[in-house]
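Participant: pasting the sequence and the predicted coordinates here, then a few questions.
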Amino acid sequence: MENLNQSNDNENDLKTKKEIDNEQQINLEEEIETEVNDGQVTKTDVEFLKEFLENKPKEFIEFLNNNNIPLDSYNISSIPRFIRIKPSINNINNNNNNNNNNNSNNNSNNNRDELISVIESEIKTKLIPLNWLPNFYKLEDSTVNISSSKSYKSGIFYGMDASSGAAILALNPKPGDNVLDICCAPGTKLCMISDMLEGNGTITGVDISESRLGTCKTILKKYKIPNARLFICDGTKFNSLSPNSSDPIPIEKVQTKKKLKVNNDNDNDNDKNKNKNKNNNNNSNNSNNSISTTTTTSSINNFKEKEKEVEKQKEEKELNKKKNINDNNDNLIRKKRKSKRASKKKIFDLEDLYFSNTFFMRYSVGGGLYDKVIVDAECSLDASIRHLLKYSKVSRNLDLEKSKQLTILQKGLIENGFKLLKPGGHLVYSTCSFSKDQNESVVQYLLDKYPQTAKLIPSFTPTATPQNETIIPFSPGFIENTYRFYPKNGTSGMFISKIEKLINNQ
């Protein structure tokens, strides 16, 4: 944090706070643009990609061989970019449309075509629809800027990779579901989940990074996501159950906190009264001493010296007071800056609650276990072309010691997610890695630990009519019903699996 002007002038203090608020907002917008919504491909990216693919580093080739990954898995001529248009919006002039109109399907399709044309003119490239992933479009030119377009700023669409969309497609949330997203940042998964819930259900997001949760919070507000809450928490330890709108406010908790506050206030009053009586006694003694000092010259001199000492102490006290005011101003500004990121705490808030846009979700856990859980686990990011470009040095992604630490974390995440899943519910485990240790081995760990209740099932359901079959661009994983989206298939790299929690005796 930059050093602040220590002036006592109120106008300067307000100006400083305003500048900090503006700086905070700018940083947040930059983070959103960088991490999720733009992803603009530069000429340097293209050049690096070409160089990387023509001269794959030795450690990278070893990684591919050790994990039985085809050597051509990353062979692409360009870096793909995708956007997702909110399905409830078919009119550029009305982004609050929730499909509650009586227009025919033809009119709806015509409106969507017009909307696409407007977006294409704004971002200056053609949108290519993905038949296998509704409302997703590939940008024909991946180098264009999208964050400056009117449609993006008004929340009509957002940037999201198709492979991330595939993970939510596999999760398949339904209206009425309570959905848990562990490792939820930066937040676009929450948007897609919300659209599939159609306003009926709840979303709980968990992430350990406060700055990334700040991005999530901003995205939830921008895209008007209802019934959502965020927790800043280690995903391996998170234990709040799903919310229930009929849950009453926990009055006992409120009353306990109020009693504690009253007791503290009484203790403070007693301390003040004791200090007051002590001061009165001291003043009385000083008065008697003053009378006695008049009897001799030496006593008068002593009295004057005491007066000087008192004056000196008063001056020091004033200086300390001014210093405390400045320190308090600094603390105030820091608190205000923090409040930009997290919601104001209530007495009845759940532990680790960071943000909630629905009142009952601040305190309610009466919904029990979750209907759907997605664990998009932290990983080495080796499957992502973008991260290989971003960090340049492949060794950062393939460090063996770090990979071991990650697998321990991933096992904790998937197991905790499974514990929070209700019987009959589904969990999707996904990563941006092609490491078998971080993918199939983690899934197998869960299956082996819970053989009676954990079952690996297909993530994607084929269409009923072969002539109209939509092909989802995945390759099979190394155990049945696991899926790998290689960059050569047209998306960013991703591993996806889906586990059902069996009902006892099923």
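Facilitator: Done, it's in.

Participant: and the helices in this protein?
Facilitator: 10-32, 43-54, 58-66, 105-123, 150-153, 162-171, 188-197, 210-222, 251-293, 297-339, 385-391, 395-398, 400-419, 440-449 (DSSP state H).

Participant: just list what the second one packs against, helices and strands only.
Facilitator: Counting by 3 or more C-beta pairs under 8 Å, 6 or more residues apart in numbering; DSSP states H and E, the packing neighbours recorded for helix 43-54 are helix 385-391. Using the backbone N, CA and C atoms, a C-beta is placed for each residue, glycine as well.

Participant: cool, and the last one?
Facilitator: Other helices and strands packing on helix 440-449, by 3+ C-beta pairs under 8 Å, 6+ apart, are helix 400-419, strand 421-431, strand 454-457, strand 494-501.

Participant: so where's the stretch 251-400 of the chain uncertain?
Facilitator: Residues of the stretch 251-400 of the chain meeting the criterion pLDDT under 70: 253-344, 389-397.

Participant: again with the stretch 101-250 of the chain
Facilitator: 101-109.

Participant: hmm, R81 and K138 touching each other?
Facilitator: Yes - using C-beta atoms under 8 Å, K138 is in contact with R81, at 7.2 Å.

Participant: tell me the contacts of the closest residue to Y370 other than its chain neighbours?
Facilitator: Nearest-residue entry for Y370: L180, 4.3 Å, with adjacent residues in sequence omitted and distances by C-beta to C-beta, 6 or more residues apart in numbering. Going by C-beta atoms under 8 Å, 6 or more residues apart in numbering, L180 touches 204, 206, 242, 370, 372-374, 417, 420-421.

Participant: with neighbour count and distance to I472 added, can I get these in TSV?
Facilitator: Shown next, in TSV, are the contacts of L180 (neighbours: other C-beta atoms under 10 Å; distance: C-beta to C-beta, whole Å):
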residue	neighbour count	distance to I472
T204	27	28
V206	28	28
S242	22	29
Y370	23	25
K372	25	19
V373	28	22
I374	29	18
G417	27	23
L420	23	28
L421	22	24
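
Participant: make JSON lines out of the residues you listed and add distance to I225.
Facilitator: As requested, those are exported to JSON lines (distance: C-beta to C-beta, whole Å):
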{"residue": "T204", "distance to I225": "12"}
{"residue": "V206", "distance to I225": "16"}
{"residue": "S242", "distance to I225": "17"}
{"residue": "Y370", "distance to I225": "17"}
{"residue": "K372", "distance to I225": "16"}
{"residue": "V373", "distance to I225": "18"}
{"residue": "I374", "distance to I225": "15"}
{"residue": "G417", "distance to I225": "21"}
{"residue": "L420", "distance to I225": "21"}
{"residue": "L421", "distance to I225": "22"}
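
Participant: just the ones of those in strands?
Facilitator: Counting by DSSP state E, the contacts of L180 place 204, 206, 370, 372-374, 421 in strands.

Participant: which one of those sits closest to Y429?
Facilitator: Taking C-beta to C-beta as the measure, Y429 sits nearest to I374 out of those, at 8.0 Å.

Participant: my read: that closest one touches G425, true?
Facilitator: No - using C-beta under 8 Å, I374 is not in contact with G425, being 11.4 Å away.

Participant: related to what we said a few turns ago, quick one: the helices and strands packed on helix 440-449 as TSV, columns for distance to S356 too.
Facilitator: Shown next, in TSV, are the helices and strands packed on helix 440-449 (distance: least, C-beta to C-beta, whole Å):
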stretch	distance to S356
helix 400-419	21
strand 421-431	22
strand 454-457	31
strand 494-501	26
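
Participant: wait, isn't K501 in contact with G425?
Facilitator: Yes - contact criterion C-beta under 8 Å: K501 and G425 qualify, at 5.4 Å.

Participant: got the ones in strands among the contacts of L180 as JSON lines, with distance to L190 columns?
Facilitator: Compiled in JSON lines, these are given as follows (distance: C-beta to C-beta, whole Å):
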{"residue": "T204", "distance to L190": "10"}
{"residue": "V206", "distance to L190": "11"}
{"residue": "Y370", "distance to L190": "14"}
{"residue": "K372", "distance to L190": "13"}
{"residue": "V373", "distance to L190": "13"}
{"residue": "I374", "distance to L190": "10"}
{"residue": "L421", "distance to L190": "18"}
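
Participant: more neighbours: which of K138 and R81?
Facilitator: R81 (25 against 19; other C-beta atoms under 10 Å).

Participant: distance between the ends of stretch 486-496?
Facilitator: 11 Å (C-alpha to C-alpha, to the nearest Å).
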